[in-house]
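Undergrad: dropping the sequence and predicted coords here.
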Amino acid sequence: MKKIFHFCLLTVTIPFYGQSIKDSIKTKRLEEVIVTSTKIPKNKTILPNEVESINKKQIEFQNFQTTSEMLSNSGALFVQKSQQGGGSPTIRGFEASRVLLLVDGFRMNNLIFRTGHLQNVITVDENMLENVDIFYGPTSTLFGSDALGGTINMTTKKANFFDETHSLITGNITTRYGSVNKEKSISFDINFAKENFASLTVFSFNDFEDLKMGKSKNHHSDLYGERYFYVENSNGIDQLVANENKYIQKFSGYTQYNVLQKVSYKSRTGLKHNLNLQYSTTSNIPRYDRLTDVTSSGLRNVEWYYGPQKRILTAYTLEKSKAFFDSNLILNLAYQNAKESRHNRRFQNYNLQNREENVNMYSFSFDLNRKFRKGELFYGLESYFETLKSSAYLQNINTGETNGLDTRYPNGNNNMFRNDIYISYTEQSNTKTSWSTGGRFGVTTLNSAIADDTYFPLPFTQIKQSNFTYSGSIGIVHKTSPNVALKTNLASGFRVPNVDDFGKIFESGGGFLIVPNENLKPEKTITGDLGLIIQSNNKRFKFENTFYYTRLFDAIITDAFEYQGQSQINYDGTLSSVLANQNKGRAFITGLSTIIKGYILNELQFEATFNYTYGRIIEEKEKPLDHVSPYFGKLNLSYEKKWGRFDFYMLYNGKKRSKDYFLNGEDNEQYAPQGGMPAWETYNFKTSFSVLKQATLYFGVENIFDTQYRVFASGINAPGRNIYSGLKYNF
């Protein structure tokens, strides 16, 4: 850490000395961040809360395999992985159902988003993205339930009209190959443009074989996580087989298809109609960590995989300027469908367990904004109705015989109905001061019924809840001088328990079983942010630091529980300790995030990020809160000319000690070495350059030294050295 600090300090001082360069020399300036959300002003500098954006230019240059890889390598947030085909973003110690995912402004979080680890972010392919906005801290006032740690808003590419493209047909083809998992990816998009009509079609395909881990010892730890054995079924018999290459993580590969279709039409009356169709599906995705669980007879599971993860979005948007009281209108009608399933089978047990979930989500929103001389008002309403069908069956892989099986969620009718209204206002009072305030109010109902409790009797057969929800925020930005600004923001957030919180029956691994608990209530947070921004006169250097403190009330924690008076029960042939989601009173999370950007030379830019989080549950004795990552960040040097760009960067993570784990929770201590997850860092190189007027070649080496490491709370080793190349051709 001392080396990192000294490196940052040295780089910080360079731009100040550079102030003496004559203004007559044309110099580059740092790009201004433009936020794409329709519920706040576009200019980031007047916002009191912390916001970071990853734009299209950065996404295309970084050229990562998936959206989760793009986020984890940004240095802006932390990403956990249980398998190659996944990625669960963490913001300020909040993860999964406590981080709100949006695609084009529509909620992806549904009534079965769990508090553990989620893979849903990979269903939005990075080749389709125009921009990603990361909102830090509770943003429930803007976006509703679940936005406790923050919100990730992924904006896909839009259909461009003729006045934007100046060509009837435009498009591009992008290909990529990566050595670490023999990745083969291709993306194709075509835009058809006329004055009043535009159509965009995007298709992408990704094929990832088994992931290879690093071979070189991490100087912070011993070698860890090699795959020595796997199970193979031969002639209907399970056999333990030695892995020919212990660095190949057997059964981690998968494929994915993505389609995006957008159509826009501008009528003569000033109305703009937009149709947004998205479809994503995968092959089976092995749950790698469960395939490595060891028992006295070898490996516990022969098969453990997620079935094809399917996501459908169909949305219609109507835009009208000056629709009501000089307010611009955006009306959204949308339907989403998400299908997922879990399939697992124990060693030498030839009955495959199959559990399937089918979620439908119907939504309506009415967003308005009005600009005043000094400010901008945002207000509206939104409504989401969600349903769930949970089913399960047991099938013998040798005979094909099927039998009944307990479902993951209640097997009757399950639904949630969310209805919210919101209002927010931002004003730039003068050249020095701007402020924002807002509020949200709503009602959420939940109904969940157990139609058949034959396989797991419960003391109740139905759960019904109705919760009044509310949140608010107020913040201010004040420039004490042309180069220094102070930001402060106070915001509350809420998360309404969903069907996953209430009704899940889930074997969490390591001899633990999570059972339903009907006595849950919403968890709430209050967060205070204090930020400092220093920027040079020539806008070639910027330092931004944000300190935050969050208090959780009625925090939902997975902890020891009793089922019908027993703390241990036999489930699926294993004596398991009983756990349940519970409101465990109070907890707190505090930390800071730092970003430094600056030009060392006219074409040489430096960027550094550092993030630190600390969280504890407050009871008679404090104990660690789960999902809290160790410190992490990124150091990046970028050299850019018109003909190309070169990046050299280091990603780093601190150590997560065993004493800081929340045991038996979501930190997955069973997949970490003794003593906790070691610190690590990787060194990486990326470049792109124009080979023809319409073609760009990409090349890079990730994890140059082939370091073997595992990210905190993850159940699979990170990729080893990856040499990749790609080509993008525009037409």
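TA: All right, it came through fine.
Undergrad: show me the helices in this structure, by range?
TA: Per DSSP state H, the chain carries helices over the ranges 2-17, 56-62, 67-72, 140-143, 162-165, 499-503.
Undergrad: now the strands for the stretch 301-450 of the chain?
TA: With DSSP state E, counting those that start in this stretch, the ranges of strands along the stretch 301-450 of the chain come out as 301-306, 310-324, 327-346, 351-371, 375-396, 402-404, 414-428, 433-449.
Undergrad: and among the ones you listed, the most buried is which?
TA: Comparing the strands of the stretch 301-450 of the chain by mean neighbour count (mean count of other Cβ atoms under 10 Å), strand 301-306 ranks first with a mean of 22. For the C-beta atoms, the positions are set from N, CA and C on the backbone; glycine is no exception.
Undergrad: contacts only, for Phe648.
TA: Phe648 sits next to 636-637, 683-685 when contact means Cβ atoms under 8 Å, 6 or more residues apart in numbering.
Undergrad: next one: it, what pLDDT does it get?
TA: For Phe648, the pLDDT comes out at 98.
Undergrad: picking up where we left off before, how about CSV for the contacts of Phe648, with distance to Asn703, pLDDT and neighbour count added?
TA: Supplementary listing: these in CSV, determined by distance: Cβ to Cβ, whole Å; pLDDT from 0 to 100; neighbours: other Cβ atoms under 10 Å:
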residue, distance to Asn703, pLDDT, neighbour count
Asn636, 15, 97, 18
Leu637, 17, 97, 16
Tyr683, 8, 98, 16
Asn684, 7, 98, 20
Phe685, 10, 98, 13
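Undergrad: need those in JSON lines with distance to Phe162, can you?
TA: Output for the contacts of Phe648, formatted as JSON lines (distance: Cβ to Cβ, whole Å):
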{"residue": "Asn636", "distance to Phe162": "38"}
{"residue": "Leu637", "distance to Phe162": "40"}
{"residue": "Tyr683", "distance to Phe162": "46"}
{"residue": "Asn684", "distance to Phe162": "40"}
{"residue": "Phe685", "distance to Phe162": "40"}
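Undergrad: which one of the residues you listed sits closest to Ser424?
TA: Nearest to Ser424 among the contacts of Phe648, counting by Cβ to Cβ, is Asn636 at 33.5 Å.
Undergrad: excluding sequence neighbours, find me the nearest residue to the closest one.
TA: Tyr649 (3.9 Å; Cβ to Cβ, 6 or more residues apart in numbering).
Undergrad: tell me what Ser690 is bridged to.
TA: Partner residues in beta bridges with Ser690, using DSSP bridges, are Thr696.
Undergrad: just checking, it touches Arg645?
TA: No: Ser690 lies out of contact with Arg645 (Cβ atoms under 8 Å); the separation is 10.2 Å.
Undergrad: neighbour-wise, which of those two wins?
TA: Set Ser690 next to Arg645 and count neighbours by other Cβ atoms under 10 Å: Arg645 wins out with 18 against 12.
Undergrad: can you pull the contacts of the more buried one?
TA: 61, 638-639, 687-689 are the contacts of Arg645 under Cβ under 8 Å, 6+ apart.
Undergrad: please apply the same query to Phe385.
TA: So Phe385 contacts 361-363, 415-418 (Cβ under 8 Å, 6+ apart).
Undergrad: how near is it to Arg551?
TA: Separation of Phe385 from Arg551 (Cβ to Cβ, to the nearest Å) stands at 32 Å.
Undergrad: Thr174 too?
TA: 46 Å.
Undergrad: then Ser436?
TA: 21 Å.
Undergrad: any idea how far Ile704 is from the residue nearest to Asn636?
TA: 11 Å.
Undergrad: just Pro89 next, same as before
TA: 25 Å.
Undergrad: that older thread, now do the shared contacts for Tyr649 and Ile704.
TA: By Cβ under 8 Å, 6+ apart, Tyr649 and Ile704 have these common neighbours: 683-684.
Undergrad: more crowded one of those two?
TA: Tyr649 (20 against 16).
Undergrad: shouldn't the more buried one be in contact with Leu635?
TA: Yes: using Cβ under 8 Å, Tyr649 is in contact with Leu635, at 6.2 Å.
Undergrad: check what pLDDT Ile21 gets.
TA: With respect to pLDDT, Ile21 has a value of 38.
Undergrad: the stretch 551-700 of the chain: strands as residue ranges?
TA: 556-560, 568-571, 574-583, 586-599, 604-618, 623-624, 632-641, 644-653, 656-657, 676-677, 680-692, 695-702.
Undergrad: if you could redo that for the stretch 1-150 of the chain, that was the one I meant.
TA: Under DSSP E, counting those that start in this stretch, the stretch 1-150 of the chain gives strands at 51-55, 78-80, 88-91, 94-95, 99-103, 106-107, 129-136, 150-156.
Undergrad: which of those sits closest to Phe541?
TA: strand 51-55 (17.6 Å).
Undergrad: what are the pairing partners of the closest one, and which direction each?
TA: strand 129-136 (antiparallel).
Undergrad: for the strand it pairs with, give the mean pLDDT please.
TA: 96.
Undergrad: now swap in stretch 145-152 and tell me
TA: For stretch 145-152, mean pLDDT rounds to 96.
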